[in-house]
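> Give me the fold of what follows.
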Amino acid sequence: MRKYFAEFIGTAVLVFFGCGSAVASGALFSAMGMGLPVAFTTLSVAFAFGLAVMAVYYMMGGISGCHINPAVSLGMLITRRMSVKDFLGYIICQFAGGIAGAALLSVVIGGRTSLGANGYDSASTFGISMWMAILIEVILTFVFVSVFLSATEKEENRSIAGLVIGLTMTMTYIFGVPFTGASVNPARSLGPALLQGSDALTQVWVFIAAPLVGAVIAAACYLLLRMEPKESAQAVAIDVEAADEFMDEFDEAADLEQQEDLEPAQPETADHGDDDRPDEYK
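You can find the predicted model right below:
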């Protein structure tokens, strides 16, 4: 039960700080009577999400593995690194945590209309289409989930896995924020969309479906690139070992045959049986 609660808390923290940074940046420049600079907000939001993932990983990683993302949990399920029961428990708690984090953020900022939700068309800085948003989210999630699966593959990598995962999240957000606001995480998208409503709620299905598709592709590539070569190498090792054993047996047989050829033949001793010669010749 602890790991489910950890996923709830971790996802809530991620949404609160990550989406909160987007809202805070907009409020800051509005209060100063200035336009909202895309470069500044992109970097602030990207680092907020990356640092939040990093912090939560070192908070909860030892308890739940710190998925805090249904796409990551789906990748872990496909690669057989978690059970179906845990998968269902994780995604329920993650979505609940995303909603709780967005609700807390709404209370803190006084119910502003914007909660850092994702979007395309008029909701996108670049005004991209729905299909372009899907493509971008699939690619970004593919990269992030691939790194997560690889970084957490070995237990001894845990000390640096949080840093690697956090920096990867930052990288994906630096690219994705101007296009879609960057999701890469269905739970991060659903919470703000539910409370923000309007276009964010009608478009949220894209930011739930596309990351899950990206996770499936990432898991498939992980299985292809990480597991099959190991099996092939093991098969090759077995074949080599069998060949070595066969050659050793062949060499032993050849040495034995050569040794038998070099040994001198023993003279046969005549057996005359009873001596029938006359006594004088005995």
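> alpha carbons only for contacts and neighbour counts from here, please
Will do.
> could you measure I99 against S183, distance?
Counting by Cα to Cα, to the nearest Å, the gap between I99 and S183 amounts to 15 Å.
> Check Y173 too.
8 Å.
> for G176, same thing?
Relative to S183, G176 is positioned 8 Å away (criterion: Cα to Cα).
> what's the answer for V108, then?
Computed as Cα to Cα, the V108 to S183 distance reads 22 Å.
> Between these two, point out the one with more neighbours.
More neighbours sit around S183 than around the other of V108 and S183, counting by other Cα atoms under 10 Å; the figures are 28 against 12.
> Check which helix or strand the more buried one maps to.
S183 is located outside every helix and strand, with elements delineated by DSSP states H and E.
> all helices of the stretch 1-150 of the chain, in order?
Under the criterion DSSP state H, counting those that start in this stretch, helices of the stretch 1-150 of the chain are mapped to 2-31, 38-64, 70-78, 84-108, 130-151.
> Tell me which of the ones you listed sits most buried.
Neighbour counts (mean count of other Cα atoms under 10 Å) averaged over each of the helices of the stretch 1-150 of the chain peak at helix 70-78, with a mean of 25.
> And the contacts of it?
The list of residues contacting helix 70-78 from outside it, by Cα atoms under 8 Å, 6 or more residues apart in numbering, reads 67, 82-84, 87, 90-91, 94, 141, 145, 148-149, 184-187, 211-212, 214-216, 218-220.
> ok, 7 Å please
With Cα atoms under 7 Å, 6 or more residues apart in numbering as the contact definition, helix 70-78 has outside contacts at 67, 82-84, 87, 91, 94, 145, 185-187, 211-212, 215-216, 219.
> cool, stretch 164-183 as well?
The set of residues that contact stretch 164-183 without belonging to it, under Cα under 7 Å, 6+ apart, is 42-43, 46-47, 49-51, 53-54, 118-120, 124-126, 128, 133, 137, 140, 144, 147-148, 189, 207.
> now the spatially most central residue of the chain: how far from I78?
Centroid-nearest residue in the chain: L149, 2.2 Å away (criterion: Cα atoms, centre = their mean). Per Cα to Cα, L149 is found 11 Å from I78.
> which regions of the protein sit below the pLDDT cut-off?
Applying pLDDT under 70 to the chain flags the ranges 26-38, 111-113, 227-282.
> try 50 this time
Using pLDDT under 50 as the threshold, the predicted model of the chain has low-confidence ranges 232-233, 235-236, 239, 281-282.
> ok, E155 - how many residues close by?
Using other Cα under 10 Å, E155 has 9 neighbouring residues.
> measure it to L104 for me?
With Cα to Cα as the criterion, E155 and L104 are 34 Å apart.
> next one: G18
According to Cα to Cα, G18 stands 13 Å off from L104.
> cool, A161 as well?
Spatial separation of A161 from L104 under the definition Cα to Cα is 29 Å.
> before we move on, what about A24?
14 Å.
> try N185
With Cα to Cα as the criterion, N185 and L104 are 19 Å apart.
> Give me the phi and psi angles of the residue nearest to A103 when sequence neighbours are not counted.
Nearest non-adjacent residue to A103, counting by Cα to Cα, 6 or more residues apart in numbering: L195, 7.1 Å away. Geometry field for L195 lists phi and psi as phi -80, psi -30, criterion degrees, to the nearest 10.
> Could you give the number of residues near L195?
Here the number of neighbours of L195 (other Cα under 10 Å) works out to 20.
> Over to the one 10 residues further on?
Per other Cα under 10 Å, the neighbour tally for W205 reads 14.
> give me the element it is part of.
Short version: W205 belongs to helix 198-222, going by DSSP H and E.
> Tell me the buried residues in that helix?
Counting neighbours by 16 or more other Cα atoms under 10 Å, one finds that the buried residues in helix 198-222 are 199-201, 203-204, 206-220, 222.
> Also stretch 180-195?
For stretch 180-195, a neighbour-count test (16+ other Cα under 10 Å) marks 180-195 as buried.
> Check the residues you listed and tell me the two furthest apart.
Taking every pair in these and measuring Cα to Cα, the maximum separation is 19.2 Å, between V184 and L195.
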